[in-house]
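# sequence isn't available, so here's the structure alone:
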């Protein structure tokens, strides 16, 4: 348990370093964009491919697919619960789509992957990826569509949603790296040592660059600018109470390996996706609400994760 805490502390130390370097003006918002693109297009695909080829056998992977029922079922239930919350607490129409998306979908890669690696090691990566596939698919389809509906000009907002663009987001470089690694495993192909070393150096950039980017985002949001209200409180309940609780309950009904369920619980209880404020701005939604929710979710996570680990480990 102590080792897990220390590993998580290292992860958050990287985030605070990104925050501090931005404060010293060595980093900027532009730097966060560059880091995000490097992670998503180069480091993460290499990381996905190597983790598949190094930690998987063909039979092991085929045995995992039944576990996808838990993340899929939990997100559908969380989505329905979030809609009830918006009606019961009268969440503003200009925030409802963003609220539902933040309540339902979590930050499964930028924070989910490093945190799970810190707790469980590379053996957890297959389970992280299973949750990631479901989470990403729902986020870039249903989530983006709901955020588009926050635009006061609903008709134009609907027209701005393009299924092909969403499909392109789902089949991101990270997922493509995962799929290539999957084919490699299923065909039992050998991996040349020099290719593995080259991709290993690139893949090792994933965690530090991801946490630097999050630190920059928190700084740019501004801690003093965070404003709590019932909508943000509801988002935090969705992220840190309802989502992991639903996953745990489904895990009592659907038998999966213990570590798989633990990883799913941790993945479901991650902060908000980094891209939500950017997407909210592009669709004409409430950017301040999205940015404040992201800031609160990251800061509260520092206090929340030790409590969650006490419950599940």
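Okay, I see it. Because the structure is predicted, anything quoted here is derived from the model rather than measured.
# every contact and neighbour count from this point should use C-alpha atoms.
Fine.
# where exactly do the helices run in the stretch 151-300 of the chain?
Counting by DSSP state H, counting those that start in this stretch, one finds helices in the stretch 151-300 of the chain at the ranges 154-159, 163-170, 173-186, 193-203, 206-221, 230-237, 243-253, 258-268, 276-282, 287-312.
# show me the shaky parts of the stretch 1-150 of the chain.
1-2, 4, 55-56 (pLDDT under 70).
# and of the helices of the stretch 151-300 of the chain, who's closest to residue 128?
helix 258-268 (6.6 Å; C-alpha to C-alpha).
# can I get the helices of the stretch 151-300 of the chain in JSON lines with distance to residue 110?
Converted to JSON lines, the helices of the stretch 151-300 of the chain look like this (distance: least, C-alpha to C-alpha, whole Å):
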{"stretch": "helix 154-159", "distance to residue 110": "28"}
{"stretch": "helix 163-170", "distance to residue 110": "15"}
{"stretch": "helix 173-186", "distance to residue 110": "11"}
{"stretch": "helix 193-203", "distance to residue 110": "13"}
{"stretch": "helix 206-221", "distance to residue 110": "5"}
{"stretch": "helix 230-237", "distance to residue 110": "18"}
{"stretch": "helix 243-253", "distance to residue 110": "18"}
{"stretch": "helix 258-268", "distance to residue 110": "11"}
{"stretch": "helix 276-282", "distance to residue 110": "13"}
{"stretch": "helix 287-312", "distance to residue 110": "12"}
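# of all those, which one is nearest residue 22?
The stretch from those with the least distance to residue 22 (C-alpha to C-alpha) is helix 206-221; that distance is 5.9 Å.
# let me know the angle separating that closest one from helix 287-312.
Here helix 206-221 points in a direction 130 degrees away from that of helix 287-312 (axes from the mean of the first three to the mean of the last three C-alpha atoms, to 10 degrees).
# residues in contact with helix 206-221?
Under the contact criterion C-alpha atoms under 8 Å, 6 or more residues apart in numbering, helix 206-221 has outside partners 11-12, 14-20, 22-23, 27-29, 31-33, 35-36, 39, 43-44, 47, 110-111, 114, 274, 291-292, 294-295, 298.
# let's go with 6 Å and repeat that
With contacts defined as C-alpha atoms under 6 Å, 6 or more residues apart in numbering, helix 206-221 is touched by 14-16, 18-19, 22, 32, 35, 39, 43-44, 110, 114, 295.
# tell me how far that helix lies from the chain's centre.
Average the C-alpha atoms of helix 206-221, do the same for its chain, and the two points are 13 Å apart (C-alpha atoms, centre = their mean, to the nearest Å).
# in a markdown table: the helices of the stretch 151-300 of the chain, plus mean pLDDT, distance to residue 76 and mean neighbour count.
Putting the helices of the stretch 151-300 of the chain into a markdown table (pLDDT from 0 to 100; distance: least, C-alpha to C-alpha, whole Å; neighbours: other C-alpha atoms under 10 Å) gives the following:
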| stretch | mean pLDDT | distance to residue 76 | mean neighbour count |
| --- | --- | --- | --- |
| helix 154-159 | 48 | 22 | 14 |
| helix 163-170 | 62 | 18 | 14 |
| helix 173-186 | 83 | 22 | 20 |
| helix 193-203 | 93 | 32 | 14 |
| helix 206-221 | 84 | 27 | 24 |
| helix 230-237 | 95 | 16 | 20 |
| helix 243-253 | 96 | 10 | 19 |
| helix 258-268 | 95 | 12 | 23 |
| helix 276-282 | 78 | 19 | 18 |
| helix 287-312 | 88 | 21 | 18 |
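# number of residues surrounding residue 229?
11 (other C-alpha atoms under 10 Å).
# hmm, residue 273 is touching residue 105, no?
No - assessed by C-alpha atoms under 6 Å, residue 273 is found out of contact with residue 105, at 7.4 Å.
# when those two are compared, which one has more neighbours?
residue 105 (29 against 19).
# phi, psi for that one please.
The phi/psi pair for residue 105 (degrees, to the nearest 10) reads phi -100, psi 140.
# over to residue 95?
When read as degrees, to the nearest 10, the backbone of residue 95 gives phi -120, psi -10.
# offset the numbering so it begins at 440, please.
Noted, 440 is the first residue going forward, which turns the last one into residue 534.
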